[in-house]
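Asks: Just to be clear, the model below is a prediction. Sequence and coordinates:
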2 protein chains.
Amino acid sequence: MRVLAFLDGTLADPDAAHIRVDDLGLMRGDGVFETILVTDGRPRELGPHLDRLARSAKMLDLPEPDRAAWERAVRAVLDNWSGGAELALKLVLTRGIDGDPEQRPTGFALGMEIGAAVLRGRAEGVAAITLDRGIDPGLAERAPWLLLGAKSLSYGINMAAIREAVRRGADDVVFTASDGSVLEGPTSTVILLRGRTILTPPEHIGILPGTTQAGVFRGAEKAGFATKVEPLRVDDLLTGDGLFLASSVRKLTRVRSLDGTALPAATEAHAELSAAYEAEYA
Amino acid sequence: MRVLAFLDGTLADPDAAHIRVDDLGLMRGDGVFETILVTDGRPRELGPHLDRLARSAKMLDLPEPDRAAWERAVRAVLDNWSGGAELALKLVLTRGIDGDPEQRPTGFALGMEIGAAVLRGRAEGVAAITLDRGIDPGLAERAPWLLLGAKSLSYGINMAAIREAVRRGADDVVFTASDGSVLEGPTSTVILLRGRTILTPPEHIGILPGTTQAGVFRGAEKAGFATKVEPLRVDDLLTGDGLFLASSVRKLTRVRSLDGTALPAATEAHAELSAAYEAEYA
């Protein structure tokens, strides 16, 4: 099941064509997106997701997204969803048609079923590998034109990294900087467990601020965990008490192994953190 | 004027929608492209462009492009073009629809008029700035998942770099590596003139092999220039006898200034090299 809505709130057939070949989102990967988890009709972290969409748009010099229009499109999808209790809601905003003198952006919201691989990862965890992202931790601040930390439609590298993981018999990736710092997953935020503390790397090294990571941290603090934002190294991930990749649709997915080294299952802490995260939306 | 053709040779209205919202080319910038210059009905370097499309597709683990189908689409556009003597012909190949079990790629050829900015750049040259691309020259070979040197639809950075140039009062960009090596332009290849020698950086540092650069080199050799492929530094560009950015639609465009420093106009050599390049297609 899929439901598609445009920014004026109108619905459209998701199996029909709606995008021109000269849309810059297609021709140049020139646009931004968000993926939101919806459970029982309620979008999780809609405000932070729309904030981040606006932040990404600003990094790409796109016009500020019309918040009311995005809320309308989200509402239109949810009001017309007749599938399962959970869905992934994708928001896409592009620079619009190449050469359009008014340069009107293209935008839509698409509700989709959660994929089988995601559900499997949630239940069983994933095997991950580290891959060099080729950047140094100061680059994002030094070179904003590299769009590090923007959720851009130019996700070719992220997809290629996941294919590389699959080629090596794994499921997912933890990107590292040239100095060995831990960055993020291609579609997730890294969260490390160390005793009763959870840790994640700082945004300024060129990673996406995680909406799910923020929700997990909020819930975890209420459940008595300490939280820290600090630089992490691969060795930290290998010697911790558990490793997770957080994303909207995957929630808090356990990393079973990193570069072939088995990691602590952290079954109890994972259950506790997951419950604390879910309690944020109860 | 625009003419759009699909891989089966059928024509379609370029002002209508033909792409689904869940095409991975749009959703993930997951695909490859080429831009070909056509003059008087003849596509320049069609073979090398199709070779490079296949090379990019391979780097992205896309199915090998069907060469006969692409030639058919190109022919369909050219047979139906009734605009000016010159056009830009864009070939786009995406991974296709998200979740399609057969994962059939999307492909089309789009003929377009040459933009005013391109014509101005050809006539007047451009002002360029150097921007850090944040990579080291060994990265492309070490980390193929970063797709350096693939002509991928994920061109968000390239577009952002050009906006940064415009913000700084310039027109175009020369990307540099973290060690100061010269890489390429966001949509062009760097060619330096030094006496009667023209030089360009080697592909293996993570840049796109230039089809126009290759044509220029071929023509220049016949016209008595020496050609060299070797690493270049920004200082080389500043102390040479002329600097050019080569691309299919812009041909051999002069760089008038780099980071605000005026460069030699190289009027005579530019005319000679341009004539030698044109002679390849006479």
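Replies: That came in fine, so what should we check first?
Asks: Roughly how far does A:L46 sit from chain B?
Replies: 20 Å (CB to the nearest CB, to the nearest Å). No exception for glycine: its C-beta is placed from N, CA and C like everyone else's.
Asks: Then A:H204?
Replies: Separation of A:H204 from chain B (CB to the nearest CB) stands at 15 Å.
Asks: Once you drop chain neighbours, what's closest to the closest residue to chain B within chain A?
Replies: Closest contact between chain A and chain B, by CB to the nearest CB, is at A:G29 (2.8 Å). In space, and not counting its chain neighbours, A:G29 is closest to B:G29: 2.8 Å by CB to CB, 6 or more residues apart in numbering or on different chains.
Asks: related to what we said a few turns ago, can you pull the pLDDT of the residue of chain A closest to chain B?
Replies: Turning to A:G29, the model gives it a pLDDT of 98.
Asks: Quick check: phi and psi at it.
Replies: phi 50, psi 30 (degrees, to the nearest 10).
Asks: Tell me where the stretch 101-250 of chain A has helices.
Replies: A:116-124, A:139-142, A:156-167, A:211-222, A:234-238 (DSSP state H, counting those that start in this stretch).
Asks: and of the ones you listed, who's closest to B:A69?
Replies: Of all the helices of the stretch 101-250 of chain A, the one in closest proximity to B:A69, counting by CB to CB, is helix A:156-167 (22.8 Å).
Asks: near chain B, anything from the closest one?
Replies: Yes: with CB under 8 Å from any CB of the partner chain as the criterion, chain B is reached by helix A:156-167 at A:G156, A:I157, A:N158, A:M159, A:A160, A:A161, A:R163, A:E164.
Asks: mind checking how far A:G25 is from B:L183?
Replies: Counting by CB to CB, to the nearest Å, the gap from A:G25 to B:L183 is 26 Å.
Asks: Same drill for the two, tell me which one is more crowded.
Replies: A:G25 (32 against 26; other CB atoms under 10 Å in any protein chain shown).
Asks: Now for the more buried one, which secondary structure element holds it?
Replies: helix A:24-28 (DSSP states H and E).
Asks: So which bits of stretch A:71-81 are buried?
Replies: Residues A:E71, A:R72, A:A73, A:V74, A:A76, A:V77, A:L78, A:W81 are the ones in stretch A:71-81 that count as buried (16 or more other CB atoms under 10 Å in any protein chain shown).
Asks: which among those residues gets closest to A:G125?
Replies: Distances from A:G125 to these, taken by CB to CB, are shortest for A:W81, at 28.6 Å.
Asks: returning to what we had before: helices and strands around the helix holding A:G25, which ones?
Replies: strand A:86-94, helix B:24-28, strand B:86-94, helix B:156-167 (3 or more CB pairs under 8 Å, 6 or more residues apart in numbering or on different chains; DSSP states H and E).
Asks: Outside of it itself, list whatever touches it.
Replies: For helix A:24-28, the external contacting residues (CB atoms under 8 Å, 6 or more residues apart in numbering or on different chains) are A:19, A:21, A:30-31, A:92, A:94-98, A:106, A:153-154, B:19, B:23, B:25-26, B:33, B:90, B:92, B:94, B:153, B:155-156, B:158-159.
Asks: and chain A, what are its domains?
Replies: Split into domains by automatic domain parsing, chain A comes to A:2-114, A:119-279.
Asks: wait, which of these is closest to B:G210?
Replies: domain A:2-114 (19.0 Å).
Asks: Just the closest of the buried residues of stretch A:71-81 to B:T197, please.
Replies: A:A73 (57.3 Å).
Asks: give the contact list for that closest one.
Replies: When the contact criterion is CB under 8 Å, 6+ apart, the partners of A:A73 are A:A5, A:F6, A:L7, A:G9, A:L91, A:G107, A:F108, A:A109.
Asks: Neighbour-wise, give me the winner out of these.
Replies: Going by other CB under 10 Å, A:A109 tops these with 27 neighbours.
Asks: Please report how far that residue lies from A:D66.
Replies: 13 Å.
Asks: And A:P14, by the same measure?
Replies: Distance from A:P14 to A:D66, by CB to CB: 22 Å.
Asks: Tell me which of the two has more neighbours.
Replies: Using other CB under 10 Å as the criterion, A:P14 and A:D66 rank with A:P14 on top: 18 against 14.
Asks: Just want the phi and psi numbers for that one.
Replies: phi -70, psi -20.
Asks: Span of stretch A:140-147 from start to end?
Replies: Using CA to CA, to the nearest Å, the span of stretch A:140-147 from its first residue to its last is 7 Å.
Asks: wait, I meant stretch A:254-269
Replies: 11 Å.
Asks: which residues touch it?
Replies: A:124-130, A:170, A:172, A:174, A:193, A:234, A:237-238, A:240-245, A:270.
Asks: How about stretch A:156-170?
Replies: Residues contacting stretch A:156-170 (CB under 8 Å, 6+ apart): A:29, A:126-129, A:131, A:171-173, A:175, A:186-187, A:257, B:24, B:28-30, B:60-61, B:144-147, B:150, B:152-154.
Asks: Over to stretch A:143-151?
Replies: A:32-34, A:52-53, A:55-56, A:59-60, A:135, A:139-140, A:154, A:203, A:206-209, B:131-134, B:156-157, B:160-161, B:163-164.
Asks: Can you list the residue ranges for strands in the stretch 101-250 of chain A?
Replies: Assigned by DSSP state E, counting those that start in this stretch, the strands in the stretch 101-250 of chain A fall at A:106-112, A:126-132, A:172-176, A:189-194, A:197-200, A:226-229, A:242-247.
Asks: any low-confidence regions in the stretch 1-150 of chain A?
Replies: Under the criterion pLDDT under 70, no range of the stretch 1-150 of chain A is flagged.
Asks: Same question for stretch A:168-186: list its buried residues.
Replies: A:170-178, A:181-186.
Asks: Let's see the PyMOL selection covering just the buried ones among the contacts of stretch A:143-151.
Replies: Selection of the buried residues among these in PyMOL, burial being defined by 16+ other CB under 10 Å:
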select buried, (chain A and resi 32+33+34+52+53+55+56+59+60+135+139+140+154+203+206+207+208+209) or (chain B and resi 131+132+133+134+156+157+160+161+164)
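Asks: Please name the nearest non-neighbouring residue to A:V216.
Replies: Nearest to A:V216 is A:Y277, by CB to CB, 6+ apart, at 4.8 Å.
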